[in-house]
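Participant: Compute the structure for the input listed below.
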Amino acid sequence: MLNEQGTSLECIDDLSHMVANLFKHEYAEDPLFNTFITACGQVSKKLKQTILACLAPPKVSTKARFMNLHRLVEWADKLLKHVPQNQAEDAPMLAKLRASLDQLPECEPFIKRFLRDAKSMLACQKILKQEGLNLATYAQCQKLIEVMPASSSIRIGFTDWAKSQLEIANRLGLNQTGLPISTDVLESLFGVGKRLGMGQVKDADRIAFHLPALCGTLTKQDAQDVVDITVAKHKEVIGCVDSLSKQRRDVLPNPGSLETLEQSWTTPPCPHPGY
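Facilitator: Residues are numbered from 1 along each chain as shown. Alright, predicted model coming up:
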């Protein structure tokens, strides 16, 4: 419609979806990919509802798997660091973990290669989403992707995408200030609309039509109410037993800390207020 009215439009390719497609093209047919996904599912079944539940893998949507697959691979990398090779005898918690790993150790070559590419791409996305795409940020990203082989389809695809978007930035006069190349804010807004329910069909047009009806005016008190919700207050209600999230933060990144989980289970919880 805008084109018919004589208004020219530029098509900007979203950064996150572009990167996800590059990883899908590179890794979806990898011989170890399906083995890795299956192993993660088996590990999840064996760890949930056990003392090691905090080490279960994060949930990754199957519909947009390559958008967040790095979270699953990072989890696997951290988990395997808890399991030393050629150890004569395992402590009780380590023995339980080792017995739950299924084929995950065999996927280590896939994990290492995926993380090599994912870490550089995540660093590029952080820069570009915060500062936009311009000549300076493009140069920063070029240095970050040097860890990938020159023949990597991800490295080549990212460079081609950046060059084409820089041409758009130049036409719009944004090649110095920075071209916005992420739809994250819009997707977040539409996600809110989707969760609140817009009828049987969750299509974008219907969500966009209803979103204005959800707008309101936030007050300073609303903001203060959010700030006042502290972890300490939450703990006063539920007692002293650490949540799975806190256990995960304390244990997963720290090899050698598995035995603290057994200690936390044997420590009696604080009495609930009012009892």
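Participant: correct me, but Pro180 touches Gly132?
Facilitator: Yes - between Pro180 and Gly132 there is a contact under CB atoms under 8 Å: 5.6 Å. Glycine gets a C-beta too; all of them are placed from N, C-alpha and C.
Participant: These two - which one has more neighbours?
Facilitator: Gly132 (18 against 14; other CB atoms under 10 Å).
Participant: quick one: pLDDT of the more buried one?
Facilitator: pLDDT, Gly132: 92.
Participant: so what's it closest to, chain neighbours aside?
Facilitator: Among residues not flanking Gly132 along the chain, Gly178 sits closest, at 2.3 Å (CB to CB, 6 or more residues apart in numbering).
Participant: repeat for Leu133
Facilitator: Leu179 (4.5 Å).
Participant: Spit out the contact partners of the one you found.
Facilitator: Contacts for Leu179 (CB atoms under 8 Å, 6 or more residues apart in numbering) come out as Ile12, Gly132, Leu133, Asn134, Gln165, Leu166, Ile168, Ala169, Leu172.
Participant: returning to what we had before: the residue nearest to Gly132 and Ala95, how far apart?
Facilitator: 52 Å (CB to CB, to the nearest Å).
Participant: Those two: who's more crowded?
Facilitator: Legend: neighbour count by other CB under 10 Å for Gly178 and Ala95, higher for Gly178 (17 against 12).
Participant: Do I have it right that Leu79 meets Val251?
Facilitator: No - using CB under 8 Å as the test, Leu79 is too far from Val251 to be in contact (10.1 Å).
Participant: Now for the two: what residues contact both?
Facilitator: Here Leu79 and Val251 have Leu55 as joint contacts, going by CB under 8 Å, 6+ apart.
Participant: List the residues that contact Ala56.
Facilitator: If a contact means CB under 8 Å, 6+ apart, then Ala56 has Val43, Ser44, Leu47, Lys48 as its contacts.
Participant: and the gap between the residue nearest to it when sequence neighbours are not counted and Ala208?
Facilitator: Take Ala56 and drop its neighbours on the chain: the residue closest to it by CB to CB, 6+ apart is Leu47, 4.4 Å away. Distance, Leu47 to Ala208, using CB to CB: 41 Å.
Participant: which of the two has more neighbours?
Facilitator: Leu47 (20 against 14).
Participant: and the residue nearest to Gly132, backbone torsions?
Facilitator: Main-chain torsions, Gly178, degrees, to the nearest 10: phi 120, psi 130.
Participant: Out of the contacts of Leu179, the closest to Thr230 would be?
Facilitator: Using CB to CB, Gly132 comes nearest to Thr230 of those, at 35.0 Å.
Participant: My read is that the closest one contacts Gln176, right?
Facilitator: No - between Gly132 and Gln176 there is no contact under CB under 8 Å: 10.0 Å.
Participant: Please enumerate the strands of the protein.
Facilitator: Here the chain has no strands by DSSP state E.
Participant: what's the domain layout of it?
Facilitator: When the chain is parsed with automatic domain parsing, its domains come out as 15-86+94-172, 184-215, 224-266.
Participant: what's the most buried one of those?
Facilitator: With neighbours taken as mean count of other CB atoms under 10 Å, these reach their highest mean count in domain 15-86+94-172, at a mean of 16.
Participant: Any idea how far apart the tips of that one sit?
Facilitator: 18 Å (CA to CA, to the nearest Å).
Participant: What of stretch 22-36?
Facilitator: Termini of stretch 22-36 sit 19 Å apart (CA to CA).
Participant: Can you get me the centre-to-centre distance for that stretch and its chain?
Facilitator: Centroid separation for stretch 22-36 versus its chain: 18 Å, with CA atoms, centre = their mean, to the nearest Å.
Participant: Show me the contact partners of the longest helix anywhere in the chain.
Facilitator: The residue-count maximum for a helix in the chain (DSSP state H) belongs to helix 108-131. For helix 108-131, the external contacting residues (CB under 8 Å, 6+ apart) are 15-16, 19, 22-23, 26-27, 30, 32-33, 35-36, 69-70, 73-74, 76-77, 80, 137, 140-141, 144-145, 147-148, 152, 154, 158, 178, 181-182, 184.
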